[in-house]
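Pasted the sequence and its predicted model underneath.
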Amino acid sequence: MSKWFKVTYYPYIAEDLQTGKQVEIFRPTIPIIVVYKGKSSWDLQALVDSGSDRNLFPAQVGEYIGIDIKKGKPRPIRGIGDYDVTAYTHKVKILAAGKTFDAEVDFSYEQKSPLLGRSGFFDFFKEITFNEKKKEIIFK
């Protein structure tokens, strides 16, 4: 099995807030599956977020795979603009690029998309390189 893998940024349609027009933007996301006690999520596009301290996922992902979200350890999360949310920590498996990672994920009802953070994802790798010109991420 390869000790590294590469993924290409994923295209999204978004609204340009200045013009109101739809534009295509590319985000550094990676396809993942979350597993808990043998039950797996649907394929998710998770943002590889160097600004996120921890993994933060929508609570609905956890509920879908059988997690009783509020039975997890409560954890306050502060994000952009000092916006506070409450999350609940659970241990899950994350499948990405044919590899399986045992990770802690904070699940929140206020979170809309999965974020892969430095603790619980980045720390499984020696190096993660974001190449903006090629729109790819290399994991080593």
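Nice, thanks for sending it over.

Mind checking what secondary structure the residue lying farthest from the centre of the chain has?
The outermost residue of the chain relative to its centre, with distances by C-alpha atoms, centre = their mean, is Thr19 at 29.2 Å. Using DSSP: H, G, I helix; E, B strand; the rest coil, the structure places Thr19 in coil.

how close does it sit to Glu63?
Counting by C-beta to C-beta, to the nearest Å, the gap from Thr19 to Glu63 is 38 Å. (Each C-beta comes from the backbone N, C-alpha and C, glycine too.)

Identify the bridge partners of Phe57.
Phe107 (DSSP bridges).

Quick check: it touching Leu116?
No: look at Phe57 against Leu116 with C-beta atoms under 8 Å: they stay out of range, at 9.1 Å.

Need the overlap of contacts for those two.
Counting by C-beta atoms under 8 Å, 6 or more residues apart in numbering, the contacts common to Phe57 and Leu116 are Ala46.

low-confidence ranges in the protein?
Judged by pLDDT under 70, the chain has its weakly predicted residues at 1-2, 81.

Just the helices from it, written as ranges.
59-64 (DSSP state H).

Phi first, then psi, for the closest residue to Ser50 other than its chain neighbours.
Counting by C-beta to C-beta, 6 or more residues apart in numbering, Ser50 lies nearest to Arg118, which is 7.0 Å off, once chain neighbours are set aside. Dihedral angles of Arg118 (phi, psi; degrees, to the nearest 10) stand at phi -70, psi -40.

Please name the residues that touch Arg118.
50, 52-54.

Ok, Phe26 next?
9-12, 135 are the contacts of Phe26 under C-beta under 8 Å, 6+ apart.

Show me what it is bridged to.
With DSSP bridges as the rule, Phe26 is bridged to Pro11.

swap in Lys99?
According to DSSP bridges, the partner residues bridging Lys99 are Ala96.

Look up how far Trp4 lies from Asn131.
13 Å.

now swap in Phe130 and tell me
On the measure of C-beta to C-beta, Phe130 and Trp4 end up 14 Å apart.
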